[in-house]
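Trainee: What follows is a predicted protein model with its sequence.
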Number of protein chains: 2
Amino acid sequence: MVYTVGEMAKVLDVNTSTLRYYDSEGLLPYVERSSGGMRMFSEKDYEALMVINCLKKSGLTIKEIKQFIEMTEKGDETIEERLKLFENRRKAVQKQIDELQKTKKLLDYKCWYYQTAKKAGSEQYVKNISPEKIPEEIIEAKNTLKPKSV
Amino acid sequence: MVYTVGEMAKVLDVNTSTLRYYDSEGLLPYVERSSGGMRMFSEKDYEALMVINCLKKSGLTIKEIKQFIEMTEKGDETIEERLKLFENRRKAVQKQIDELQKTKKLLDYKCWYYQTAKKAGSEQYVKNISPEKIPEEIIEAKNTLKPKSV
DNA sequence: ATACAAGTTAAAGTTAACTTTAAGTCAATA
DNA sequence: TATTGACTTAAAGTTAACTTTAACTTGTAT
């Protein structure tokens, strides 16, 4: 199965110009061309694009992804380097997840805050609630809103 | 406790110009000024900045955060609107987390892939492994690398 | 009183990751 | 064979979120 740039763009739900941009940046060295010069994407290229997307989501820039692609072109001598890269990306993604969990806790607090304000009809009411009456899961996030030190 | 822009920047670990930029974009309408025109951040402003940061992490742009600030300025009549905003942000963050979990699964696969390649000394070895010999948690992620349809 | 680090504004500059445009070529269909 | 939609490249444009610069002012420490 081969794909034109338009077909591959549709499958991945990206703009065709994004794929051409990636190619121009050296991210797609394995994409073949027809006799007329048109890109012919294979299933391997789809896989490569999925990995590119994964690395992008993990926080790598296009330039850094290009460096990874260059490693793959060097072959077996870069296996260990690539392993380290992916292990680091995994750590980075876990960190992102942890960060988002914290973000979500604060949003939980804010939802509770506005739900309570809505019921009472005023924000002032929530501001005056004594800490003992605030649910335990909620007060933790509220406490993160206080500065620690200068 | 009051903070200068430099002190607040230190506490939040951002550039002073970031705080001035936020102010210029209307995100900090409650920051007071000294007689000489210097910004004096309070603990309330710290809290506001934590919430701004939270909304940013949830995926809002500076302009969208400004709209939220404008809601807070309108007072109690926007409580419900703000509640909806935070509920939506919470959903958005959960979606981000789910996405990152998927990203992490693919990284798990890639780590397994290169660990196995490293042990064998070649990538070709891993490519030839028959699917039954691939761990179950790993093969799922591998399967996401195959295109579904055109 | 004076030095000077840290503050002020307005405006210009930066960066990443695309996206658009222009001018032209390829390939499938009537 | 002619049309036409999708492709090609190179280069310019876009956008968000800062960051830097320049010219000047404030406030604190000696």
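Mentor: Looks like it arrived, so ask away. Numbering: from 1, shown residues only, chains lettered A, B, ... in the order given.
Trainee: low pLDDT regions in chain A?
Mentor: Low-confidence segments of chain A (pLDDT under 70): A:149-150.
Trainee: Output the set of residues of it in proximity to DNA strand D.
Mentor: Contact residues (CB under 7 Å from any atom of the strand) of chain A with DNA strand D: A:4-7, A:16, A:20, A:23-24, A:37-39. All C-beta atoms are positioned from the backbone trio N, CA, C, and that covers glycine.
Trainee: Is the residue of chain A found nearest DNA strand C part of a helix or strand, or is it coil?
Mentor: Residue nearest to DNA strand C within chain A: A:Gly36 (2.6 Å; CB to the nearest atom of the strand). Recorded secondary structure, A:Gly36: coil (DSSP: H, G, I helix; E, B strand; the rest coil).
Trainee: A:Ile129 too?
Mentor: A:Ile129 is classified as coil under three-state DSSP.
Trainee: CA atoms only: put stretch A:100-119 into CSV for me.
Mentor: C-alpha atoms of stretch A:100-119 as CSV (Å, rounded to 0.1, in the frame of the first residue of the first chain):
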residue,chain,number,x,y,z
LEU,A,100,-1.1,17.7,34.7
GLN,A,101,-2.4,15.7,37.7
LYS,A,102,-1.5,18.7,39.9
THR,A,103,-3.1,21.1,37.4
LYS,A,104,-6.2,19.0,37.6
LYS,A,105,-6.3,19.1,41.4
LEU,A,106,-6.3,22.9,41.2
LEU,A,107,-9.1,22.7,38.7
ASP,A,108,-11.0,20.4,41.0
TYR,A,109,-10.7,23.0,43.7
LYS,A,110,-11.9,25.8,41.4
CYS,A,111,-14.9,23.7,40.3
TRP,A,112,-15.8,23.1,43.9
TYR,A,113,-15.3,26.8,44.6
TYR,A,114,-17.6,27.9,41.8
GLN,A,115,-20.2,25.1,42.5
THR,A,116,-20.4,26.3,46.1
ALA,A,117,-20.5,30.0,45.0
LYS,A,118,-23.3,29.1,42.6
LYS,A,119,-25.4,27.3,45.2
